[in-house]
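Engineer: the following comprises the amino acid sequence and a computationally predicted model.
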Amino acid sequence: MKTIRFFLLLFATGILSVSAVAQSTQRMEVTIVNKGSESITKVFVMTVPIMEDPKRFGDIKLDSPIKPGGSRTLKFDAPKPEMMTVGKNTYPRLRPGLEIRWAEPACKTLLELNSYSLNQSVSTGVTECAVYRTESALVEYALADAEKSFAARTYQKAVEQYSNVLEKDPRNEKALHHRAHSYQNLKEYDKAIADFTATIAVVTNSKHTHLKPTHIYGDRALTYLQHEKFEAALADYNRVLAVAPETASFRYYRSQVYCKMGKKDLAAADEKTLVAAGITLPKTCL
Ligand SMILES: [Zn+2]
């Protein structure tokens with residue numbers, strides 16, 4: 001605790017060096033919607049510690065006031081949250097925040113930003129002057145955290161983090177797709193299949209998707225194969241091969257499915273097609 005107090009003291013006196021500030025900040029993005037009747041004229045970045053008064057960290061330059069009914073997306077460096085552990089629980093000891101000021105000086109409020117977890121509720125500091133919308137920024141940060149865990153192959157943690165994202169944004173295709181792969185890697189096949197199925201539903205109806213439905217059907221097919229649900233795997237492979245017959249991996253795995261089902265002739269036919277296309281088979285059905 002001593003270190004932290006010293007840190008805050010430095011803040012208050014403005015001695016903190018530039019490099020130390022850079023290490024303890026994070027880039028944030030918040031959209032402020034002004035639902036009040038006064039223009040927002042000033043926004044300050046704050047540190048909001050437990051048991052101590054908030055302190056001003058920096059000033060956000062507004063090119064023009066945010067008028068009533070208007071909104072503005074602000075990008076800024078905010079203090080990183082600091083956590084403290086009491087027994088088994090971890091609490092935010094220091095959160096980033098914004099102080100919003102209106103033309104009327106009496107009308108100001110403090111918004112605490114929870115960038116570290118979607119499970120924590122945002123203290124919106126709502127007054128009759130304004131309502132803030134931070135949800136979309138929070139989803140982005142939470143998704144970035146989950147992606148890190150996924151890339152690091154810490155799948156259990158990734159599942160929890162993707163679940164946080166999906167609580168806020170149930171149709172987030174990246175979260176659904178990668179949570180499915182996380183479950184698949186954890187060998188929780190039923191859950192993986194449910195998520196791939198949900199991803200297919202989202203992708204099929206989306207104009208802005210980055211995923212091809214065949215990719216997800218292929219993912220689900222392989223999961224069915226791993227789960228030894230051969231009929232379902234076959235149905236998915238038949239579907240994707242009807243659309244993309246040249247995809248060698250789909251045909252190879254379908255041959256594996258046929259093999260497991262005891263349909264050796266059909267397995268051999270797929271293998272023959274692959275060999276004719278110059279593909280070396282890792283394994284054959286014999
Ligand atoms: Zn995939």
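Structural biologist: Ah, there it is.

Engineer: mind listing what the nearest residue to residue 78 once chain neighbours are set aside touches?
Structural biologist: Counting by Cβ to Cβ, 6 or more residues apart in numbering, the nearest residue to residue 78 once its immediate chain neighbours are dropped is residue 96, at 3.5 Å. Placement of C-beta: from N, CA and C, glycine included. By Cβ atoms under 8 Å, 6 or more residues apart in numbering, the contact set of residue 96 is 26, 28, 45-48, 57, 78-81, 112-113, 115.

Engineer: pretty sure residue 96 is in a helix, no?
Structural biologist: No: counting by DSSP: H, G, I helix; E, B strand; the rest coil, residue 96 is not part of a helix but strand.

Engineer: pairing partners for it in the sheet, please.
Structural biologist: Here residue 96 sits in beta bridges with residue 47, going by DSSP bridges.

Engineer: in PyMOL, select just the buried ones from the contacts of residue 96.
Structural biologist: To isolate the buried ones among the contacts of residue 96 in PyMOL, judged by 16 or more other Cβ atoms under 10 Å, type:
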select buried, resi 28+45+46+47+48+57+78+79+80+81+112+113+115
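
Engineer: can you put the contacts of residue 96 in CSV and add distance to residue 150?
Structural biologist: Output for those, formatted as CSV (distance: Cβ to Cβ, whole Å):
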residue, distance to residue 150
26, 20
28, 22
45, 30
46, 32
47, 31
48, 30
57, 32
78, 25
79, 27
80, 22
81, 22
112, 28
113, 24
115, 19
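
Engineer: low-confidence ranges in the stretch 101-250 of the chain?
Structural biologist: The stretch 101-250 of the chain contains residues with pLDDT under 70 at 103-108, 112, 114-138.

Engineer: please redo it, this time with the cut-off set to 50
Structural biologist: The stretch 101-250 of the chain contains residues with pLDDT under 50 at 106, 116-134.

Engineer: mind listing the helices for it?
Structural biologist: For the stretch 101-250 of the chain, applying DSSP state H, counting those that start in this stretch gives helices covering 135-151, 155-168, 173-185, 189-204, 213-226, 230-243, 248-260.

Engineer: show me what contacts the spatially most central residue of the chain?
Structural biologist: For the chain, residue 143 is the residue whose C-alpha lies nearest the centre (Cα atoms, centre = their mean; 1.3 Å). Listed by Cβ under 8 Å, 6+ apart, the contact set of residue 143 reads 162, 165, 172, 174, 175.
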